[in-house]
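Student: Structural data only, the sequence is not supplied:
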């Protein structure tokens, strides 16, 4: 999924509303992991949804009356009744205020930050394999994204590769696809700040055969690293 597909599908809205099927949801998650603009949309949208829920918790009658009104003719008149209009107006004011004072400025700031030149911490996993070497130490400031470099052994039998970061217990933290063409060069993986918590990890690379077979691919390499925050 590329960025133009995301915009056309309004993917962020579908994702937050739970209207996206599992395959499309996984594609969108992989996309916004490496897209600062879409990641900002998802974070801002999630915060907006949560703020609306907080208002509805303060006055549950708003949600109940809205559901009743939409189930019968003349729901607009019911919406405008004094008993319902005041709390509904409160919700609308909170929504408008949140968008104007928080959501929109935050998105603008994040987009400005994303387009501004800045340094990016980069760590190489080249040579950090399973032969007993000490794991690479990835140390960054809290909230700082970073990049991981790795070389994937080329094999003509694979059409693509899956790079999956797992915790020490083997639980996947995230994964992404790498094409055979991309694997011909050193691969750079952008890792958003929120994807990992301090601890040991392993990058597992699996080759996907042509045509794709069962079992999630064949493991071709694994690289160990530890993630921690600078003090």
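Tutor: Arrived safely, thanks for sending. Here the structure is a predicted model, which is why all the values come from computation and not from measurement.

Student: other SSEs contacting the strand or helix carrying residue 122?
Tutor: According to DSSP states H and E, residue 122 maps onto strand 121-124. Using 3 or more Cβ pairs under 8 Å, 6 or more residues apart in numbering; DSSP states H and E, the elements in contact with strand 121-124 are strand 136-140, strand 146-150. Any C-beta I mention is one placed from the backbone N, CA and C, and that applies to glycine too.

Student: Looking at these, spot the one closest to residue 224.
Tutor: Nearest to residue 224 among those is strand 136-140 (7.4 Å), distances taken as Cβ to Cβ.

Student: quick one: contacts of the closest one?
Tutor: Applying Cβ atoms under 8 Å, 6 or more residues apart in numbering, the contact partners of strand 136-140 are 121, 123-125, 128, 146, 148, 193, 223-230.

Student: Now with 10 Å, please.
Tutor: Residues from elsewhere that reach strand 136-140 (Cβ atoms under 10 Å, 6 or more residues apart in numbering): 120-128, 146-149, 191, 193, 196, 198, 201, 203, 223-231.

Student: Can you give me the neighbour number for residue 186?
Tutor: 12 (other Cβ atoms under 10 Å).

Student: can you list the domains in this structure?
Tutor: As given by automatic domain parsing, the domain ranges for the chain are 35-115, 121-229.

Student: and those domains, which one's lowest on average pLDDT?
Tutor: Note on the domains of the chain: lowest mean pLDDT is at domain 35-115, with a mean of 55.

Student: what ranges do the helices span in this protein?
Tutor: In the chain, the segments counted as helices under DSSP state H are 3-9, 11-17, 22-33, 36-58, 61-70, 75-79, 82-98, 104-115.

Student: Can you give the strand pairings for the strand holding residue 122, parallel or anti for each?
Tutor: strand 146-150 (parallel) (DSSP bridges).

Student: Could you tell me the angle between the partner strand and strand 136-140?
Tutor: If you take axes from the mean of the first three to the mean of the last three Cα atoms, to 10 degrees, strand 146-150 sits at 160 degrees to strand 136-140.

Student: thinking again about what came up before, would you mind finding the most buried of the helices and strands packed on strand 121-124?
Tutor: strand 146-150 (a mean of 18; mean count of other Cβ atoms under 10 Å).

Student: what's the pLDDT at residue 12?
Tutor: pLDDT, residue 12: 79.
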